[in-house]
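Participant: Let's see this in three dimensions:
(one chain, ligands or ions: 1)
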Amino acid sequence: MDFQKITNRIWYFPGDPERDWPNIVAFLGDDKTLIADGGASPEQARQVQKALEKLGRKADYLVLTHWHWDHSFGLCAWEVTETMAQEKTVALLEEQRNYEWNDDALYWRMEQGIESEFTARMIKKEYPDLSRVNIALPGRYFTEEEEIDLGGLTLSVRHIPCDHALDHTVLFAREEKFLFLGDCLNENIYCESWHYTHGRLAVLIDRLRDFNADLALESHGEEPLGRVEFIDLLWQLQTVNETVRAAVEGGRTGELETLLEEAFERPLVESDLELMKACLYGYYQ
Ligand SMILES: [Fe+2]
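Facilitator: Alright, predicted model coming up:
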């Protein structure tokens, strides 16, 4: 697998949905190269490194978007000048590092609700021998925002807490107007019913719009989104979020599907219904 071009200076290594591998992004400045994220395992990290060599580059910096295993467990296989993450990401990885990594311990954490069933299954798939899990900690942390100059390419690394992960960080390349979203548009998956909470999703959408991005990429997205597609995606999320709120507050949850069809002016598809349920579950959290 090779890196795919987004712009001359921004490339992504496509993830693998079968293994829950996320997309990894390379930001190529005139002087320095920055990678986001670390990958799910040393195997993914090594594949990314090989592909990066083909671009004639070696990573100088690495930033984690959030603590989840598929973004961070590959960090141990990277040799770079500096690795960075939001301060909560570091604390959460430290917690993960202190866990026992064997079948019984993982199953116990899943039973206790500490680990989600989905992630436990995917971790076990990636690491049949769980003792091979090796969690490295980022070398440096930031709290709110970090500006990184790669030479002709400036990155704004910004902490944006969201339902998916309270430590979540996005990366915005100013000159290219490209926004790497990580998993921030996904719901909270560490709970019985995956969900969004109304207030947090509303703030997230506002903050993402403020970037005024021309291009965006999600960690588990199939391909980069253009300006119009990204605006449309945010609009859909906002429409579902607001329609659910209005229906709950107006005692009209029984009519929710009709109300959403009216708002979208089209029949609903499966993903609309999933989104609707996630907003509805979250409304009562
Ligand atoms: Fe995640």
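
Participant: Stretch 8-17 and the ion, are they touching?
Facilitator: No: judged by CB under 5 Å from the ion, stretch 8-17 and the ion are separated, with a smallest distance of 11.6 Å. Placement of C-beta: from N, CA and C, glycine included.

Participant: The ion contacts on the stretch 101-250 of the chain?
Facilitator: Near the ion, when you scan the stretch 101-250 of the chain using CB under 5 Å from the ion, you find Asp183.

Participant: tell me which residues in the helix or strand harbouring Ile123 are buried?
Facilitator: Here Ile123 sits within helix 117-126, counting by DSSP states H and E. By neighbour count on 16 or more other CB atoms under 10 Å, the buried set for helix 117-126 is 119-120, 122-123, 126.

Participant: Can you name the residues in contact with it?
Facilitator: For helix 117-126, contacts defined as CB atoms under 8 Å, 6 or more residues apart in numbering pick out 19-20, 40-41, 68-70, 73, 103, 106-107, 109-110, 115, 130, 133, 189.

Participant: Show me the strands in this structure, by range?
Facilitator: Remark: strands assigned in the chain by DSSP state E are 4-7, 10-13, 24-28, 33-36, 61-63, 82-86, 140-142, 145-149, 154-159, 169-173, 178-182, 215-218, 225-226.

Participant: Leu92 is nearest to which of those strands?
Facilitator: Checking the strands of the chain against Leu92 by CB to CB gives strand 82-86 as the closest, at 9.3 Å.

Participant: Give the pairing partners of that closest one; include direction for each.
Facilitator: Counting by DSSP bridges, the strands paired with strand 82-86 are strand 61-63 (parallel), strand 140-142 (parallel).

Participant: Tally up the residues packed near the residue of the stretch 1-150 of the chain found nearest the ion, please.
Facilitator: The ion sits closest to His68 of the stretch 1-150 of the chain, with a gap of 3.5 Å, by CB to the ion. Using other CB atoms under 10 Å, His68 has 29 neighbouring residues.

Participant: Help me confirm that it comes into contact with Asp167.
Facilitator: No: using CB atoms under 8 Å, His68 is not in contact with Asp167; the gap is 9.5 Å.

Participant: Tell me who's in contact with the residue in the stretch 101-250 of the chain that the ion sits nearest to.
Facilitator: Taking CB to the ion as the measure, the stretch 101-250 of the chain has Asp183 as its residue closest to the ion, at 3.6 Å. Neighbouring residues of Asp183 by CB under 8 Å, 6+ apart: 22, 65-66, 68, 71, 164-165, 168, 218-220.

Participant: nearest to Leu234, of the residues you listed?
Facilitator: The closest of the contacts of Asp183, once distances to Leu234 are taken by CB to CB, is Glu218, at 12.0 Å.

Participant: Who is the closest one paired with across the strands?
Facilitator: With DSSP bridges as the rule, Glu218 is bridged to Gly182.

Participant: Give me the pLDDT value at it.
Facilitator: You'll see Glu218 listed with a pLDDT of 98.
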